[in-house]
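Undergrad: Coordinates only, no sequence provided:
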């Protein structure tokens, strides 16, 4: 059986975030380099059809950090899921280089694992962002990490990811869509009742919600930020770790996973969501598994990236290109 | 100098009165109320667009506090406009966007030329916006207007871009830590641009491309529409993201996505009015009103003529109008929007013309001709 391969998050930093970072650094943090809560958002993966070649092109699996990231109650873009994270700014480039990234990372994975043990899905998409801001040169060095637990042995999928319409009727998918429209959830459970109308519940209610429901009528849904046909998005990884921890027997029997991508009303009955049955062999031990998730740079290596905002922020350079 | 100019614009914007009367049929200009109505319609029809509040200190009191401007994120841009080099052959394919029967108006001077319609990029594979993509057009030839613009772009754009191009690798601290994570993680899909990981069971990025259908990294844009009080029209703003680094694009890189006739002329980098600090590329709105007026006039005319010619009830009439409209505006990407606009006009026929709600839908079509490769046209993006 093929291995399930997850599409990692790619961070997309809005220039407004760097402006907000500059302000918070100068006015609030100053030389304080303690961690600060930060928020980001992601939405269902999108793809477009190239007008010239007719190919469908999947857009990146993005996690967007915007200008309101440091606000307590950020205004989310439409149809987005909020992800909380931890932000740490270093005062010098040397400190940034020498940072004990493993310790920072482990601290996050500990917190995520604790919340999994407590039965909460709240922290499953938690992320870590370390930065060094060279405010005089408008250069920002940053490195994201999206901790995800690596399952041993790995998750495997029966066959391939199929279009959701292969296992759900149009009416059922429309019903899921409208209930998600009323309340958007990053993760949800779906139960197809005898009347054919699916019901939705939070993942935390797994045991009661799926009581006496045959496996064929169950599904586990999540908002999928990946539009790639065969790679589900990163959030599924920790969701599966959560499910395996709490429901190990069901995990080896297989979960039907619904990768939900139809947040906007579908045109002409074409559903973009996909469905597949994933399973993992063997028993899960209850210890914290190892985790991965540091973002790779443009060269595909593990390393920090830099945003050079000088062309957009430096007053002298702006004056140069003005007509 | 530029700073003084910006100050002047700010003062002018402050002093100019808020448009009260509806003028959109006469002048192509709209009131703030009409902007809100058109924006409501756009957000209702196309969920990718949403209203934003913006910076509270930059609140415009003539617009509702929670509806200051419209925004859509992550609009893909597959190719560089500059890679669409303009040749003689293309000139033959120029289309007049008349929004009506030519015969019926008889005024060809007003037609609006669409230049980048249905053309193939001549650097099919090079959608990454290398500086080399800018075509070398030394021969002024017979259509020197365009060539000169292109030539000018390749000089100034090339220079600026070379300086602004991805920062020196030396600038980024050398802290690659491949051993940060123990070995390769076989359940991670390899990054699209990345070097294929060597662990067992990991398929290479090239294979992913095959498997999931041409997975590419593309430039994306955040697009904002604000209301310009002085020109009394919507105004469009662009913030771009690099395809590999996903860092903000430099002005020179953004100009690669603007059609050559508009780069450095109608498209400039300005401070975004609803943020204290953000700078964004913007299409100058001085001609928006007159273009919009023409487009709206044509649409209304078309609809009214249809009504006179074929007083059929209900759906048939609607269908025919769409078809007539399509004939006028050509095929390809305009189809859907044109049809939608025509249908919109048809729906609105009782009021004797297009409803102002459709103003922004039409406006986006017009913007699409300035930034041909950015898929701002809401009706065809998905």
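TA: In hand now; what should we look at? For clarity, every value in this text was computed on a predicted model and none was experimentally measured. Numbering: from 1, shown residues only, chains lettered A, B, ... in the order given.
Undergrad: What segments of the chain are helices?
TA: Answering for chain A, as no chain was given. Counting by DSSP state H, the segments of chain A that form helices are A:15-24, A:93-98, A:101-117, A:170-182, A:206-209, A:235-246, A:248-253, A:310-313, A:315-321.
Undergrad: that's the wrong chain, I wanted chain B
TA: Remark: helices assigned in chain B by DSSP H are B:2-15, B:24-27, B:32-45, B:88-92, B:102-105, B:144-164, B:205-211, B:251-255, B:288-309, B:314-329, B:334-347, B:359-370.
Undergrad: Centroid-nearest residue for chain A?
TA: What sits nearest the mean C-alpha location of chain A, by Cα atoms, centre = their mean, is residue A:235, with 4.3 Å.
Undergrad: ranking the helices of chain B by mean pLDDT, which is last?
TA: Lowest mean pLDDT within the helices of chain B: helix B:205-211, at a mean of 33.
Undergrad: now the helices of chain A in TSV, with mean pLDDT?
TA: Output for these, formatted as TSV (pLDDT from 0 to 100):
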stretch	mean pLDDT
helix A:15-24	88
helix A:93-98	91
helix A:101-117	93
helix A:170-182	88
helix A:206-209	92
helix A:235-246	93
helix A:248-253	88
helix A:310-313	76
helix A:315-321	67
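Undergrad: possible to save those helices as JSON lines with distance to chain B?
TA: To be clear about C-beta, it is placed using only N, CA and C from the backbone, and glycine gets the same treatment. Output for the helices of chain A, formatted as JSON lines (distance: least, Cβ to the nearest Cβ, whole Å):
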{"stretch": "helix A:15-24", "distance to chain B": "4"}
{"stretch": "helix A:93-98", "distance to chain B": "5"}
{"stretch": "helix A:101-117", "distance to chain B": "6"}
{"stretch": "helix A:170-182", "distance to chain B": "10"}
{"stretch": "helix A:206-209", "distance to chain B": "23"}
{"stretch": "helix A:235-246", "distance to chain B": "7"}
{"stretch": "helix A:248-253", "distance to chain B": "15"}
{"stretch": "helix A:310-313", "distance to chain B": "4"}
{"stretch": "helix A:315-321", "distance to chain B": "5"}
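Undergrad: Please identify the deepest-packed of the ones you listed.
TA: Most buried of those, by mean neighbour count (mean count of other Cβ atoms under 10 Å in any protein chain shown): helix A:235-246, with a mean of 24.
Undergrad: Which other helices and strands does it contact?
TA: Applying 3 or more Cβ pairs under 8 Å, 6 or more residues apart in numbering or on different chains; DSSP states H and E, one finds that helix A:235-246 makes contact with helix A:101-117, strand A:139-149, strand A:218-223, helix A:248-253, strand A:255-260.
Undergrad: What are the buried residues along the last one?
TA: Read it as strand A:255-260. Within strand A:255-260, the residues that count as buried by 16 or more other Cβ atoms under 10 Å in any protein chain shown are A:255-260.
Undergrad: Next, the contact list for residue B:65, please.
TA: By Cβ atoms under 8 Å, 6 or more residues apart in numbering or on different chains, the residues touching residue B:65 are B:53, B:59.
Undergrad: Can you get me a residue count around residue A:288?
TA: For residue A:288, the neighbour count with other Cβ atoms under 10 Å in any protein chain shown is 17.
Undergrad: Repeat that for residue A:136.
TA: For residue A:136, the neighbour count with other Cβ under 10 Å is 7.
Undergrad: And residue B:26, by the same measure?
TA: There are 12 residues near residue B:26, going by other Cβ under 10 Å.
Undergrad: for the closest residue to residue A:216 other than its chain neighbours, what are its contacts?
TA: Nearest residue to residue A:216, sequence neighbours excluded (Cβ to Cβ, 6 or more residues apart in numbering or on different chains): residue A:256, at 8.0 Å. When contacts are counted by Cβ under 8 Å, 6+ apart, residue A:256 touches A:167, A:215-216, A:218-220, A:275-277.
Undergrad: Of the buried residues of strand A:255-260, which is the nearest to residue B:287?
TA: Nearest to residue B:287 among the buried residues of strand A:255-260 is residue A:260, at 43.2 Å by Cβ to Cβ.
Undergrad: In a markdown table, list the helices of chain A along with distance to residue A:282.
TA: Output for these, formatted as a markdown table (distance: least, Cβ to Cβ, whole Å):
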| stretch | distance to residue A:282 |
| --- | --- |
| helix A:15-24 | 42 |
| helix A:93-98 | 40 |
| helix A:101-117 | 18 |
| helix A:170-182 | 32 |
| helix A:206-209 | 21 |
| helix A:235-246 | 10 |
| helix A:248-253 | 7 |
| helix A:310-313 | 52 |
| helix A:315-321 | 58 |
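Undergrad: where's the closest residue to residue A:143 other than its chain neighbours relative to residue B:220, distance?
TA: Computed as Cβ to Cβ, 6+ apart, the closest residue to residue A:143 that is not its neighbour in sequence is residue A:304, at 4.0 Å. According to Cβ to Cβ, to the nearest Å, residue A:304 and residue B:220 sit 22 Å apart.
Undergrad: if we can go back for a sec, state the pair within the buried residues of strand A:255-260 that is farthest apart.
TA: Greatest spatial distance in the buried residues of strand A:255-260: A:255 and A:260, 14.5 Å, computed using Cβ to Cβ.
Undergrad: Counting neighbours, what do you get for the residue of chain A found nearest chain B?
TA: Residue of chain A nearest chain B, by Cβ to the nearest Cβ: residue A:300 (2.8 Å). When neighbours are counted by other Cβ under 10 Å, residue A:300 registers 17.
Undergrad: Quick check on it: phi, psi?
TA: phi 80, psi 10 (degrees, to the nearest 10).
Undergrad: so what's it scoring on pLDDT?
TA: Per-residue pLDDT puts residue A:300 at 79.
Undergrad: Quick check: the gap between residue A:205 and residue A:173.
TA: From residue A:205 over to residue A:173 the distance is 22 Å, taken as Cβ to Cβ.
Undergrad: What of residue B:189?
TA: From residue B:189 to residue A:173 the distance is 26 Å (Cβ to Cβ).
Undergrad: check contacts around the closest residue to the residue nearest to the centre of chain A other than its chain neighbours.
TA: Spatial nearest neighbour of residue A:235, chain neighbours left out: residue A:125 (5.1 Å); criterion: Cβ to Cβ, 6+ apart. By Cβ under 8 Å, 6+ apart, the contact set of residue A:125 is A:42, A:81, A:83-84, A:146, A:186, A:234-235, A:238.
Undergrad: and what of residue B:360?
TA: B:38-39, B:41-42, B:70, B:225, B:234.
Undergrad: Contacting chain A as well, which ones from those residues?
TA: Counting by Cβ under 8 Å from any Cβ of the partner chain, nothing from those sits close to chain A.
Undergrad: Out of these, which comes closest to chain A?
TA: Nearest to chain A, judged by Cβ to the nearest Cβ, of the contacts of residue B:360 is residue B:70 at 11.0 Å.
Undergrad: Skipping its backbone neighbours, what lies nearest that closest one in space?
TA: residue B:225 (4.2 Å).
Undergrad: pLDDT score assigned to the one you found?
TA: 92.
Undergrad: What of residue B:229?
TA: If you check residue B:229, the pLDDT there is 86.
Undergrad: try the one 3 residues further on
TA: At residue B:232 the predicted local confidence, pLDDT, stands at 88.
Undergrad: number of nearby residues for the closest residue to it other than its chain neighbours?
TA: Spatial nearest neighbour of residue B:232, chain neighbours left out: residue B:29 (3.8 Å); criterion: Cβ to Cβ, 6+ apart. By other Cβ under 10 Å, 22 other residues sit near residue B:29.
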